[in-house]
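Asks: Provided below for reference: sequence and predicted model.
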Amino acid sequence: MKVVSLVGARPQFVKEALVGEAARRLNAWQHVLVHSGQHYDGNMSDIFFQELGIPRPDHHLGIGSGSHARMTAAALTGMEDILLKEKPDALLVYGDTNTTLAGALAAVKLHVPVIHVEAGIRMLPKTMPEEINRVLTDRISAVMCCCSDLGRRNLAAEGLTDGVCVTGDVMYDLFLRMRPRFTPEETCAAMSLHPGEFALATLHRDYNVDAPASLRGMLEGLMGVQEEYGIPVLLPLHPRTRKRAQEFDLVPLLERLRTCDPIGYLEVMSLTCASRFVISDSGGLQKEAYYAGRRCAVMMPDTGWRELTDCGWNVLCAPERESILQAASRIMTPLACPEGTYGDGKAAESIIGAVRRMPFARA
Ligand code: UD1
C-alpha cells in the first residue's frame, strides 16, 4: 500500500513527525511526503524537520503565502499532479489549514480515499477559515481520526459515523517522546529568564492580529500581566504579528514586552515547561501547555479543546486588557490537572491500525 502524506504549516509538521515515523517503523505502507510550502521561512518550517527528524519531503509545491483562494487553488492543482503521478491508495491530511482542504479535495475528486487526522473538531464562529476547512475535510474523508471522544460525538451529530475512530492525540505522543530533550533551565538561562517566573505568550490568529483594536488590546493585556503580576511576558513573534504591529504603529507596545523570533518545537516546549503559565491563541499550544502541566489563557472566542475549558484548566479570554488580566488571575490559582484526556501516547499506532482495517487498505 502507498499513502501520500500532505503537510504545509507548523502544526502539521509536528503531527507528521509521529505518524510518518510510525508508518515507517511498522512498515505499514510506503509513505510519500508532500510539503505544500504554505509555511516556508526557516524558523517556520525547516527547524521542525531538523529537530523532529522528519525526512526531506518527496515533493514540494511551493505555494507560499497569499489569499485563501490563491493558496487553496495552488495546493489543489499541485496535489492533483502529485496524486496522478504517485497513484496512492490513500491521502493523509492533518488539521484544518488551507493545505488540508486543498489536498482532501484534490484526492476525493480522483477517488483517492482521504484520511483526516484531528477530525471532528468544531468551534465557533462557523465562518472562521479553519472551521470551514475542518467541516469540509471531514465531509469528504473516508477515515476520521479523533483526538478524543468529543470529536466522535461532534461527527455523529452531523451524521458522520462510518470510518470514525478515537485514536488519541499525536501531539501527546510527541510530547512524551521529546520530553527528555526539553531543556527548561538552559533555555531560560539563555534568555535571561527565571524558571517559574515568566509567562509565555504567542499570538498569530488572523482575526486577532489583523485588526488594530484587537492587536492593541492583546499587547496591552500582556503588558498588564507584566505590571500587575511583576513577571516578564516572553512573546516569540510570528511573522504575521510582526508585520501587523509595524503597519498599525504598535511597535512601541511590542518593545515593552520580551520578544524573540519564532522558535522551534524543542525551544517552545522547554519554555512552556519552565513558564508559570501560558497565554496563547494557538490551537496546539493550549493543549501542549496542558501536557506540560501549565494552564493557559486562550485568546479565542471559542476552542475545539473544550475538555480543557469545561474543567477550568484553560480559560477563554477576549483580545482586551481586562479580559486577559482576569483570565491570568484565574489560571494562577492551583487546580488538579485532569489526566488522560487525549489518549495514552500511542495515537500514531492507533491511526495506523485504523487505516489498515479499512477496506481500501486490505484490497
Ligand atoms: C495557517 C493556518 C492557521 C494556523 C497557522 C499557523 C489556514 C487557513 N490557517 O495560517 O490555522 O494556525 O497557519 O501559523 O491555513 N509568513 C511568513 N513566513 C512563513 C509563513 C508565513 O512570513 O513561513 C507570513 C505571511 O507572509 C503572512 C503570514 O505570515 O503574512 C501568514 O502566516 P500564518 O497566519 O501562520 O499562515 P496562514 O497560512 O495564513
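Replies: In hand now; what should we look at? Numbering: from 1, shown residues only.

Asks: which non-adjacent residue is nearest Leu203?
Replies: Closest residue in space to Leu203, ignoring its immediate chain neighbours: Asp281 at 5.1 Å, by C-beta to C-beta, 6 or more residues apart in numbering. For glycine as for every other residue, the C-beta is placed from the backbone atoms N, C-alpha and C.

Asks: ok, that neighbour to the ligand distance?
Replies: 8 Å (C-beta to the nearest ligand atom, to the nearest Å).

Asks: do Ala28 as well
Replies: Ala28 is 28 Å from the ligand, where distance means C-beta to the nearest ligand atom.

Asks: next, the distance between the ends of stretch 198-217.
Replies: End-to-end distance of stretch 198-217 (C-alpha to C-alpha, to the nearest Å): 20 Å.

Asks: ok, now which ones touch the spatially closest residue to Glu197 that is not a sequence neighbour?
Replies: Among residues not flanking Glu197 along the chain, Ile231 sits closest, at 5.5 Å (C-beta to C-beta, 6+ apart). Residues near Ile231 by C-beta atoms under 8 Å, 6 or more residues apart in numbering: 197-199, 225, 276.

Asks: from these, which is closest to the ligand?
Replies: Ala199 (20.3 Å; C-beta to the nearest ligand atom).

Asks: for the chain, what lies in contact range of the ligand?
Replies: 9-10, 38-41, 44, 65, 96-98, 129-130, 204, 206, 239-240, 243 (C-beta under 6 Å from any ligand atom).

Asks: inside strands: which ones of those?
Replies: Per DSSP state E, strands hold no members of the residues of the chain next to the ligand.

Asks: make a ChimeraX selection of the buried ones in those.
Replies: Selection of buried members from the residues of the chain next to the ligand for ChimeraX, criterion 16 or more other C-beta atoms under 10 Å:
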select :9,10,38,39,40,44,96,97,98,130,204,240
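
Asks: mind checking the SS state of Thr259?
Replies: Applying DSSP: H, G, I helix; E, B strand; the rest coil to Thr259 yields a three-state assignment of strand.

Asks: list the contacts of the residue nearest to His238 when sequence neighbours are not counted.
Replies: Spatial nearest neighbour of His238, excluding adjacent residues (C-beta to C-beta, 6+ apart): His204 at 3.7 Å. Contacts here follow C-beta under 8 Å, 6+ apart; on that basis His204 touches 238, 240-241, 281-282.

Asks: excluding chain neighbours, what is closest to the closest residue to the ligand within the stretch 51-200 of the chain?
Replies: Distances between the stretch 51-200 of the chain and the ligand by C-beta to the nearest ligand atom are smallest at Thr97, namely 3.2 Å. Among residues not flanking Thr97 along the chain, Ala9 sits closest, at 4.7 Å (C-beta to C-beta, 6+ apart).
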